[in-house]
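Participant: What follows is a predicted structure for the sequence shown.
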Amino acid sequence: MKNKEELYNQINKKDSNKRPKIKKNPKKVRKIKENLTAYSFIAPNFIGFAIFTLGPILFALVLSLYQWDGSNPMKFIGLDNYVRMWNDTRVHDAFWNTIIYALGTVPLTLVFSIGTAILLNQKIKGRNIFRTISFFPYVASLVAVAAVWNMIFSPVNGPINEILRLIGVMDPPRWAADKDWAMFTVIIFSVWKQMGYYMVIFLAGLQGISAELYEAAELDGANKWKQFINVTLPQLKPVTFFVLMILTINSFKVYDIVYMITQGGPGTSTLVLVYEIYNTAFKNWDLGYSSAISMLLFVVVLFVTIIQFKGEKNFANE
């Protein structure tokens, strides 16, 4: 028996010596560990995104092909919701109002944010107080500031119209109560409410610009305006691109400001897509149709974002 066992062990030993030994590459092992570490950090955010964002988007896409009121069984109707949306004048009004709101809010907020940031970046007495005052509207309660805003711009007894009457304007605008002025009122309220937040972002960008660049420009004989055009704006391009993207996306998603100031009126003069989606889904309980409208909003935002990213190389990374 011993001879057989010894012979068997000798054969196994010879076979193991013939087998190629797998050498572990330390660089590859280290890279795998680094990847696993990176994925472990990304995983919670990705899982949250998949559950709370990607999942609802896919469900809304499927739901847009159905008729459903939330209680009765879902009924497949194909592209009927999209055909209905194509012929719906309320959706048309909401779409164009959203475009007008974005075109009015984005450039004005950008200009006022940069201007305020440049002013409050100067060495002036009490600038921290002014920075706080400028930022306050953003953090203040929307309900409170909207109530005050409506009182200030009241067409009957509002201080703004009283001042206009004193200077000779006998028929001042009715602001939020007038279909011709309502969108303008919403836009200027949005600019006032949001510009403090973007001012802080631009302040951070301004403080990252080297003082040597301004000194060199001054030695070359550049005045303040030329310094702003040739030094400040080029150095702020990455920050400006970021603010432009966030502002644009947020302007297409506006709901709370419209709800607090005009509730989409008068008529449909300030009706925007998100407000129409809300009304269709949770007031009319037409969940399939509201999902189709939300897909329209998704496509618009996606289209604008793609255009912005395509222009990023020329705009922000020179």
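Facilitator: That came through fine.
Participant: wait, isn't residue 189 in contact with residue 257?
Facilitator: Yes. Using CB atoms under 8 Å, residue 189 is in contact with residue 257, at 6.3 Å. Any C-beta I mention is one placed from the backbone N, CA and C, and that applies to glycine too.
Participant: who touches both of the two?
Facilitator: By the contact definition CB atoms under 8 Å, 6 or more residues apart in numbering, residue 189 and residue 257 are jointly contacted by residue 146.
Participant: higher neighbour count, these two?
Facilitator: A direct count of neighbours by other CB atoms under 10 Å for residue 189 and residue 257 places residue 189 higher, at 25 against 22.
Participant: what about that one, distance to residue 109?
Facilitator: 11 Å (CB to CB, to the nearest Å).
Participant: for residue 309, same thing?
Facilitator: Taking CB to CB, one finds residue 309 at 21 Å from residue 109.
Participant: Just want to know which of these two has more residues nearby.
Facilitator: Using other CB under 10 Å, the more surrounded residue of residue 309 and residue 109 is residue 109, with 25 against 11.
Participant: what's the pLDDT at the more buried one?
Facilitator: pLDDT, residue 109: 95.
Participant: and what of residue 40?
Facilitator: Looking at residue 40, its pLDDT is 88.
Participant: Alpha carbons only: can I get the helix or strand hosting it in CSV?
Facilitator: Element membership of residue 40 [criterion: DSSP states H and E] is helix 26-49. Output in CSV follows, covering the C-alpha atoms of helix 26-49 (Å, rounded to 0.1, in the frame of the first residue of the first chain):
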residue,chain,number,x,y,z
PRO,A,26,0.5,43.4,-8.9
LYS,A,27,-0.4,46.4,-11.1
LYS,A,28,-3.5,44.6,-12.4
VAL,A,29,-4.6,43.6,-8.9
ARG,A,30,-4.1,47.1,-7.6
LYS,A,31,-6.1,48.5,-10.5
ILE,A,32,-9.0,46.1,-9.8
LYS,A,33,-9.0,47.1,-6.2
GLU,A,34,-9.0,50.8,-7.2
ASN,A,35,-11.9,50.2,-9.6
LEU,A,36,-13.9,48.4,-6.9
THR,A,37,-13.2,51.2,-4.5
ALA,A,38,-14.4,53.8,-7.0
TYR,A,39,-17.5,51.7,-7.9
SER,A,40,-18.3,51.4,-4.2
PHE,A,41,-18.4,55.2,-3.9
ILE,A,42,-20.5,55.6,-7.1
ALA,A,43,-22.9,52.8,-6.3
PRO,A,44,-25.1,54.5,-3.7
ASN,A,45,-25.7,57.5,-6.0
PHE,A,46,-26.3,55.3,-9.1
ILE,A,47,-28.7,53.1,-7.2
GLY,A,48,-30.6,56.2,-6.0
PHE,A,49,-30.6,57.6,-9.5
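Participant: Show me what counts as buried in that helix.
Facilitator: Buried residues in helix 26-49, counted by 16 or more other CB atoms under 10 Å: none are found.
Participant: Show me what the longest helix anywhere in the chain is packed against.
Facilitator: Across the chain, the longest stretch assigned as helix under DSSP state H is helix 89-120. Applying 3 or more CB pairs under 8 Å, 6 or more residues apart in numbering; DSSP states H and E, one finds that helix 89-120 makes contact with helix 127-139, helix 182-207, helix 237-252, helix 273-282, helix 287-310.
Participant: Those: which one's closest to residue 75?
Facilitator: Residue 75 sits nearest to helix 287-310 of all the helices and strands packed on helix 89-120, at 8.3 Å, using CB to CB.
Participant: buried residues in that closest one?
Facilitator: Buried residues in helix 287-310, counting neighbours by 16+ other CB under 10 Å, are found at 287-297, 300-301, 304, 308.
Participant: Kindly report the same for stretch 130-146.
Facilitator: Quick answer for stretch 130-146 (16+ other CB under 10 Å): 131, 134, 135, 137, 138, 142, 145, 146.
Participant: Start and end of it, how far apart?
Facilitator: End-to-end distance for stretch 130-146, by CA to CA, to the nearest Å: 22 Å.
Participant: Can you name the residues in contact with it?
Facilitator: So stretch 130-146 is contacted by 116, 120, 124, 189, 192-197, 199-200, 203, 256-257, 260-261 (CB under 8 Å, 6+ apart).
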